[in-house]
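J.: return atomic coordinates for the entry below.
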Amino acid sequence: MVHVALGAVLFMFVMGLTAVIFVIWVVAMVIQGLWKLLVGGPARQQLQTRGVLDTVMCPQNRCHAINPAPAQFCRRCGSAMQGQSANAGRRIAS
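T.: Just a heads-up that it's a prediction; the model follows:
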């Protein structure tokens, strides 16, 4: 009987702690949203196109992963990126 009561108390404690953490998270998200509305943030279009022109495709035929322009090795396959010319594989913002 003691084990059942202890289990129930422990369960209620974990559920209460989870509820408190969730409420704190919701309050933080609301404050963050209000802050962005009042102070302003970067426009969605700026966020979507940021860094697009600074990417290079992997030279490997089976990979073609998109990597940052200054990368020396591919993120996906690990092959060297040094053999590419400066503009090879660059994306054009639309």
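J.: what helix or strand is V27 on?
T.: helix 2-39 (DSSP states H and E).
J.: what pLDDT, on average, does that helix get?
T.: If you average the pLDDT over helix 2-39, you get 94.
J.: off-centre distance for it?
T.: Relative to its chain's centre, helix 2-39 lies at 23 Å (C-alpha atoms, centre = their mean, to the nearest Å).
J.: can you give me the buried ones in it?
T.: For helix 2-39, the neighbour count (16 or more other C-beta atoms under 10 Å) marks no residue as buried. C-beta here means a position set from N, CA and C on the backbone, and glycine is covered the same way.
J.: now do the domain split for the protein, please.
T.: Using automatic domain parsing, the domain ranges for the chain come out as 1-41, 43-94.
J.: got the contact list for the closest residue to S79 other than its chain neighbours?
T.: The shortest distance from S79 to any non-neighbouring residue, by C-beta to C-beta, 6 or more residues apart in numbering, is to Q60 (5.1 Å). When contacts are counted by C-beta atoms under 8 Å, 6 or more residues apart in numbering, Q60 touches 74, 77, 79.
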